[in-house]
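*Asks:* sequence? don't have it. structure:
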């Protein structure tokens, strides 16, 4: 999902192209996109765009007479700038916003059509759509601390809650916690004032660094290849790759439709966080530390390969012999005993 840095750069590119230009037409290809009916979409047609804002992870096109068109890209929605009256992309195309000098195409590469378009009249109606999360660049340390501790959650959950903090999602929260050297599952109620200050500093630094980096990459063009998995990220989307700080393999925990990526050495003192599904399945076999994981991995690599065929394998002389490779159950037992003996 595009987050604060991505949305900020989208808005900068849009301001260069559509500010003070009239929205001539909106062509909608998906019946699931438009989620409002009063005022109608036709109310903004022909009116110039007077401002473009960010509302959490939403893009707000502001028109005269306090009319607003709000685009929420959700997870797979993306924007693309094309020639005037460009065709809507087949299969993934949702809508086209026609301006005098070009067309803004809205696409969504997912069968789950979650991206949305709303039209509102009046600042009060627009404000009602704001989840209420504070802006980390505008708040004081005290406001940040109060918001963080308002509810007792894990740090990652709190950072990604739009009712608490604006514009932060799964990808940049991983990067923020790595920069702050904090476990994603540390409880906010247990955080010290110094840790909260460190987290705020890391949050601002990561979002600022990535916004500036994406702006440099964009140049004078329109943002392309907007993704949650970017080259140069420290941990997000880099499972089993070396941490750029210490070289330890990046770990991953999957839950629901999201995942948390972290460095055990930098963030958890070498402790492996329990994966909700795998740790329940493996129970006592779940490795507790990075060292234990490395020992078990090495022991597993040393075992003979498994032959899935039920038939005996033939030796070079043609005699029928069964393989001496252990079964999967036996392999797990060997790996466990090997780790316990060290």
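*Replies:* Alright, I've got the coordinates. Predicted model only: the values in this text are computed from it and were never measured.
*Asks:* Next up, phi/psi of the closest residue to residue 77 other than its chain neighbours, please.
*Replies:* Spatial nearest neighbour of residue 77, excluding adjacent residues (Cβ to Cβ, 6 or more residues apart in numbering): residue 115 at 3.5 Å. Where C-beta positions appear, they are placed from N, C-alpha and C, glycine not excepted. Dihedral angles of residue 115 (phi, psi; degrees, to the nearest 10) stand at phi -60, psi 150.
*Asks:* do the same with residue 195
*Replies:* Backbone torsions for residue 195, taken as degrees, to the nearest 10, come to phi -60, psi -40.
*Asks:* Could you list the low-pLDDT ranges of the stretch 201-342 of the chain?
*Replies:* 256, 275-342 (pLDDT under 70).
*Asks:* hey, where'd the strands end up in it?
*Replies:* Using DSSP state E, counting those that start in this stretch, the strands found in the stretch 201-342 of the chain span residues 251-255, 258-262, 313-314, 320-321.
*Asks:* can you check the stretch 1-150 of the chain too?
*Replies:* Under DSSP E, counting those that start in this stretch, the stretch 1-150 of the chain gives strands at 25-28, 49-55, 58-63, 67-72, 77-82, 93-99, 102-108, 116-121.
*Asks:* Count the residues that sit near the residue nearest to residue 185 when sequence neighbours are not counted.
*Replies:* Of all residues beyond its chain neighbours, the one nearest residue 185 is residue 154 (4.6 Å), with distances taken as Cβ to Cβ, 6+ apart. Using other Cβ atoms under 10 Å, residue 154 is surrounded by 16 other residues.
*Asks:* Which phi and psi values does residue 154 adopt?
*Replies:* Residue 154 adopts backbone torsions of phi -70, psi 160, taken as degrees, to the nearest 10.
*Asks:* what pairs with it across the strands?
*Replies:* For residue 154, the beta-bridge assignment (DSSP bridges) gives partners residue 187.
*Asks:* got the domain boundaries for this protein?
*Replies:* Using automatic domain parsing, the domain parsing of the chain gives 4-127, 134-284, 287-340.
*Asks:* just checking, the residue nearest to residue 77 touches residue 70?
*Replies:* No - Residue 115 lies out of contact with residue 70 (Cβ atoms under 8 Å); the separation is 11.3 Å.
*Asks:* Please say which of these two ends up with more neighbours.
*Replies:* More crowded of residue 115 and residue 70, by other Cβ under 10 Å: residue 115, with 23 against 20.
*Asks:* The more buried one: what's it in contact with?
*Replies:* By Cβ atoms under 8 Å, 6 or more residues apart in numbering, residue 115 lies in contact with 33, 71, 72, 73, 74, 76, 77, 94, 106, 108.
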